[in-house]
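Q: Please find the sequence and the predicted model below.
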Amino acid sequence: MLGFLLVHVAALGVFFVGFSWKGIALCLASYYLRMFAITAGFHRYFSHRTYGLGRVPQFLMAFLGQTAAQRGVLWWASNHRHHHRYSDRPEDIHSPIQRGFWWSHIGWILSHDQDEPDYSRVPDLVRFPELLWLDRHEYVPTFLYAVALYFAFGPVGLFYGYFLSTVLLWHGTFCINSVMHLFGRRVYATTDDSRNSFLLALVTMGEGWHNNHHWAPQSAAQGFHWWEVDASFYLLWLGERLGLVKGLHRRPKHFRAAAVEAMRTGRAFTSVRRLEQVQSLTRRWHELGASARLHAHEALVELDAARAGAAARLEKLHDEAAGLSARAGRRLEELHAEIERARAHLAEILERLVAMAESLGMPDPQPG
């Protein structure tokens, strides 16, 4: 972490050195020289073995790659193979999909969790003792490179050719991990979210065709069409013509048909992993919809049954009320009849009393 920050601070030394066309030229030459060592060397050769090199050129490529200060060659290849095995899944050590942009850009490489290389992932490389030595002395090449630039070109060589160039090289390389899994165009169906970018292909000598690469990682060519500029492959092709490179793997023969098929099925617009997630969610949605419709139908059936039961109960209550009303009417008539009988009986008693009074000579009672 400290060294990473110090190199960034040291890159500001170009302002003290002053503007220099020579410095700009040195910066660009140093940048693209080491970018080739990263893209064609660390990536396409040591990580994917897409062509062959003799033992001496292999060592020189590894040495030049480590002047980029991106850790040791075996560390780099080991982690990159792990990335391809688990690309954009939870196990991926630098996926922006899983842990965010900044972690995938610089956080993972500064983390102490990644300090030790896993040599079990690179058994084909650890058999070379010179590569093991380089990996264990990861900063020796970059230190010697910085010293050589200083003695050859003075402060301009050190600050423009090394510090500024190294910072630009870091972020150019790191953009492939971060930006190229978030922004750009997808052409092929891959299980991750890798994408293509013409601009980053120019910046990284062909690495910007990242979706192409994740679809065909065993191809030394990452640009498949003539307009997909891939400077690293052009130089490797030239090396093959000169006899330095052997067995250079070309683009897959069916690359056009695969692109058409991916476009036809819609898989060019998202990763296979995300497409499977969408399809799973769609199936789940349909299942939930079918379940909801079934439950709604059952609820309607139950509601109809409850409504029919309520109607039958209401009719029964209506009949019971009608029966009660009829009985109450009859009882009321009986009470009226009893009252009438009681009134007639009282009238009869009163008449008898009057008759008895008359027979006894009692005066007629006066009302009031």
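A: Nice, thanks for sending it over.
Q: how about residue 227, phi and psi?
A: phi -80, psi -10 (degrees, to the nearest 10).
Q: And it, how close does it get to residue 310?
A: Counting by C-beta to C-beta, to the nearest Å, the gap from residue 227 to residue 310 is 75 Å. Yep, even glycine has a C-beta here, placed from its N, CA and C like the rest.
Q: Comparing these two, which shows the higher neighbour count?
A: residue 310 (10 against 7; other C-beta atoms under 10 Å).
Q: State the pLDDT value of that one.
A: Here the pLDDT value assigned to residue 310 is 84.
Q: Am I right that it falls within a strand?
A: No. Looking at residue 310 with DSSP: H, G, I helix; E, B strand; the rest coil, it is helix, so not inside a strand.
Q: ok now do it, which residues does it touch?
A: When the contact criterion is C-beta atoms under 8 Å, 6 or more residues apart in numbering, residue 310 has no partners at all.
Q: quick one: it and residue 298, what's the gap?
A: With C-beta to C-beta as the criterion, residue 310 and residue 298 are 18 Å apart.
Q: what's the answer for residue 187, then?
A: 49 Å.
Q: If you count surrounding residues, which of the two has more?
A: Remark: of residue 187 and residue 298, residue 187 carries more neighbours, 23 against 10, as counted by other C-beta under 10 Å.
Q: That one falls within a strand, correct?
A: No. Assignment of residue 187 by three-state DSSP gives coil, placing it outside any strand.
Q: dump the residue contacts of the closest residue to it other than its chain neighbours.
A: Leaving aside its chain neighbours, residue 187 sits nearest to residue 259 (5.1 Å; criterion: C-beta to C-beta, 6 or more residues apart in numbering). Residue 259 sits next to 187, 188, 268 when contact means C-beta under 8 Å, 6+ apart.
Q: Which phi and psi values does residue 259 adopt?
A: phi -70, psi -40.
Q: isn't residue 212 right next to residue 224, touching?
A: Yes. Look at residue 212 against residue 224 with C-beta atoms under 8 Å: they come within range, at 5.7 Å.
Q: Now list whatever residues contact both of those two.
A: By C-beta under 8 Å, 6+ apart, the residues touching both residue 212 and residue 224 are residue 255.
Q: the more surrounded of the two?
A: residue 212 (29 against 23).
Q: Which strand residues bridge residue 185?
A: Beta-bridge partners recorded for residue 185 (DSSP bridges): residue 196.
Q: Now for it: which residues touch it?
A: 195, 196, 197, 211.
Q: What helix or strand is the spatially most central residue of the chain located in?
A: In the chain, the C-alpha nearest the mean C-alpha coordinate belongs to residue 97, at 4.5 Å (C-alpha atoms, centre = their mean). Assigning secondary structure by DSSP states H and E places residue 97 in helix 96-99.
Q: The residue nearest to residue 187 and residue 176: what is the separation?
A: From residue 259 across to residue 176, the span is 21 Å (C-beta to C-beta).
Q: quick one on the thing from earlier: quick check: the residue nearest to the centre of the chain touching residue 181?
A: Yes. Counting by C-beta under 8 Å, residue 97 touches residue 181, with 6.3 Å between them.
Q: Now do the shared contacts for these two.
A: What both residue 97 and residue 181 touch, as defined by C-beta under 8 Å, 6+ apart, is the set 88, 192, 193.
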